[in-house]
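Participant: fold the following, please.
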Amino acid sequence: MPKRILIGTVTSDKTDKTVTVLVERKVKHPLYGKIIRRSKKYHAHDEKNEYQLGDVVRIEETKPISKTKTWMVKDRVTAGGTQAVEADLEVEAAGN
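Facilitator: Alright, predicted model coming up:
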């Protein structure tokens with residue numbers, strides 16, 4: 001049986017060798033027909049702690065690694081991460 005592969009966004013990288021990945025999918029409501037978003041979080045194994053918050057990654061199903069970890073990060077789709085923004089706060093004295 002082939003292994004499932006999902007694409008999601010890293011929402012937490014605080015634990016050692018583990019990232020939390022949020023996977024969203026769109027489904028049609030059975031009665032009303034509206035497209036709604038469903039999301040689920042997965043714990044995925046990250047051996048080298050190389051994936052950061054905001055990265056879009058591909059995860060693959062594996063044998064159980066721990067109680068909650070049955071997924072492994074395969075590769076990075078796009079880099080996200082938090083970026084420092086420099087604020088340019090030049091205030092000119094008015095009325096001189």
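Participant: C-alpha only now, for contacts and for neighbours.
Facilitator: Will do.
Participant: could I get the contacting residues of the nearest residue to V56 once chain neighbours are set aside?
Facilitator: Nearest non-adjacent residue to V56, counting by CA to CA, 6 or more residues apart in numbering: T9, 4.4 Å away. T9 makes contact with 21-23, 53-57, according to CA atoms under 8 Å, 6 or more residues apart in numbering.
Participant: among these, which two are most distant?
Facilitator: Using CA to CA, the pair of those lying farthest apart is V23 and L53, separated by 14.0 Å.
Participant: what helix or strand is the closest residue to E61 other than its chain neighbours located in?
Facilitator: Nearest residue to E61, sequence neighbours excluded (CA to CA, 6+ apart): W71, at 4.5 Å. Taking DSSP states H and E as the criterion, W71 maps to strand 69-78.
Participant: quick one: residues in contact with that strand.
Facilitator: By CA under 8 Å, 6+ apart, strand 69-78 touches 42-46, 51, 55-64.
Participant: how far off centre is it?
Facilitator: 10 Å (CA atoms, centre = their mean, to the nearest Å).
Participant: where does this structure dip in pLDDT?
Facilitator: Applying pLDDT under 70 to the chain flags the ranges 81-96.
Participant: which residues in it form strands?
Facilitator: 5-12, 18-28, 35-45, 56-61, 69-78 (DSSP state E).
Participant: got the angle between the shortest one and strand 69-78?
Facilitator: Compare the direction of strand 56-61 with that of strand 69-78 by axes from the mean of the first three to the mean of the last three CA atoms, to 10 degrees and you get 150 degrees.
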